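Engineer: I would like to see how this sequence folds:
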Amino acid sequence: MFQLLKFELYKIYKQKSIYILFILLIAIVSSGGFVDRQNERAIYQDYQKFEGKITKEKMAELEIVRDEVNEKFDNGEEVTSEEHTLYGISELFSFRIARMQEREHEIAGLASEINNATSSYKMKKTALKKDMLASIDSSQLYYQKGPAIMIDMIYTFGFVITAFMTIIGIGPIFSKEYSSGMDQFLLSSKFGRSKLVTAKILASLLFILSIVSAWSLYSFAKAYYLFGMHGWKSSLQSLYEFIESPYSYNLMKTFFAMMTIHIIAALAFGLITVFISSLSKKVMVSILASGMIFGIPLVFDTLLDYGGTTKIMVEQILNLSIYRFMKVKELFSGFYTYNIFGTPILHPIVAVVVSVGLGGLAWYMTKWVMKRRQVSI
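Structural biologist: The predicted structure follows:
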């Protein structure tokens, strides 16, 4: 079995197209704006004094700086880089405090909704949201640009890299055998057809894990080089895209939760791609079909993000798509539950269960299809 697995991995990794595509995608990711490392280090030094718990003493000190900067603005005087940074920290302090007050009002409103709930499910759902919001602690401030861009990488470019590499790398895994006539060897192998199919599936999964590892290492190296690895203790709500998130995670927990779900969903997508390949005798058909599973939700999501008409039904479908599961962002950016026998189940949990279910079904169906092909010969 191990020799079969090595051979299948060799066939995947010998494809020149995967290296060209990966280099191209990383080049696109790397084409962003210039970052002045020295300036970022200076900003971090300014942050250090005010990192941690937001206190009245820190606010009072920053208020003095804020008044001085406002006075300079009014007089047309030049403001130093340090003053710019401290002014920004003061703004962040004010924003965090305002958000905490808004959250307290929301919690009070949810308590009232619980008392007036018209159904058991609505009461449970509202109580769950109330408890989640109450557990959030966003009263601390850290310089967090390093962790922030690693998390951002997952749902901006990372999930796209995983999907494209999966489609191109393993989309032809069975189709190429059919088109080259090697399927006869596959179906009459002395090693056993079942073992060969299993080897192809396992090789596909290992390939996906290697792709996720590759762009994750790139993301880590970039974040570490430009900004350092400071600020993992910051709350999830410190990121603009997750201001409304009800999850009481810090950035470290957020990163690992998102990566775990992304990997599970990516493996499921890989298994679906392998299944499609087992059905198709033409490589291009297999690639296009797998691409549509990922691409159609991507198009709808892009249109909705950029002013398209938001339809509730479309959003509900997208929320259960393997595309959204791989992207992960929407699983944590808001409060969304599913009614499972009267119990509210959070979106990330549903994403994991559905991904595992789809992956398991695709694995079984691939084995079943190949067994049927065996019987028909």
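Engineer: how many residues are close by the closest residue in space to residue 63 that isn't next to it in sequence?
Structural biologist: What sits nearest to residue 63 in space, not counting adjacent residues and going by CB to CB, 6 or more residues apart in numbering, is residue 90, at 6.9 Å. (Each C-beta comes from the backbone N, C-alpha and C, glycine too.) By the measure other CB atoms under 10 Å, the count of residues near residue 90 is 21.
Engineer: likewise residue 78?
Structural biologist: By the measure other CB under 10 Å, the count of residues near residue 78 is 6.
Engineer: part of a strand, is it?
Structural biologist: No: read with DSSP: H, G, I helix; E, B strand; the rest coil, residue 78 is coil and lies in no strand.
Engineer: element containing the residue lying closest to it once chain neighbours are set aside?
Structural biologist: Computed as CB to CB, 6+ apart, the closest residue to residue 78 that is not its neighbour in sequence is residue 72, at 7.3 Å. Residue 72 is part of helix 56-75 when elements are defined by DSSP states H and E.
Engineer: export that helix as PDB, just CAs?
Structural biologist: Below are the C-alpha coordinates for helix 56-75, written out as PDB (Å, rounded to 0.1, in the frame of the first residue of the first chain):
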ATOM      1  CA  LYS A  56      -8.200  55.500  32.900                       C
ATOM      2  CA  GLU A  57      -4.500  56.400  33.300                       C
ATOM      3  CA  LYS A  58      -3.700  55.400  29.700                       C
ATOM      4  CA  MET A  59      -6.700  57.200  28.400                       C
ATOM      5  CA  ALA A  60      -5.800  60.400  30.300                       C
ATOM      6  CA  GLU A  61      -2.300  60.300  29.000                       C
ATOM      7  CA  LEU A  62      -3.500  59.800  25.400                       C
ATOM      8  CA  GLU A  63      -6.100  62.500  25.800                       C
ATOM      9  CA  ILE A  64      -3.300  65.000  26.400                       C
ATOM     10  CA  VAL A  65      -1.500  63.900  23.300                       C
ATOM     11  CA  ARG A  66      -4.800  64.100  21.400                       C
ATOM     12  CA  ASP A  67      -5.400  67.700  22.400                       C
ATOM     13  CA  GLU A  68      -1.900  68.600  21.500                       C
ATOM     14  CA  VAL A  69      -2.200  67.000  18.000                       C
ATOM     15  CA  ASN A  70      -5.600  68.700  17.400                       C
ATOM     16  CA  GLU A  71      -4.000  72.000  18.300                       C
ATOM     17  CA  LYS A  72      -1.200  71.400  15.900                       C
ATOM     18  CA  PHE A  73      -3.800  70.500  13.200                       C
ATOM     19  CA  ASP A  74      -5.600  73.800  13.900                       C
ATOM     20  CA  ASN A  75      -2.400  75.800  13.700                       C
END
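Engineer: who touches that helix?
Structural biologist: Residues external to helix 56-75 that are found in contact with it (CB atoms under 8 Å, 6 or more residues apart in numbering): 50, 77-79, 83-84, 86-87, 89-90, 93.
Engineer: can you tell me the centre-most residue of the chain?
Structural biologist: Note on the chain: the residue nearest the mean C-alpha position is residue 328, at 3.7 Å, using CA atoms, centre = their mean.
Engineer: neighbours of the residue nearest to that one when sequence neighbours are not counted, how many?
Structural biologist: Counting by CB to CB, 6+ apart, the nearest residue to residue 328 once its immediate chain neighbours are dropped is residue 258, at 4.6 Å. Residue 258 has 23 neighbouring residues, counting by other CB under 10 Å.
Engineer: dump the residue contacts of residue 258.
Structural biologist: With CB under 8 Å, 6+ apart as the criterion, the residues that contact residue 258 are 151, 154-155, 328, 331-332.
Engineer: and residue 136, which of the three is it?
Structural biologist: Applying three-state DSSP to residue 136 yields a three-state assignment of coil.
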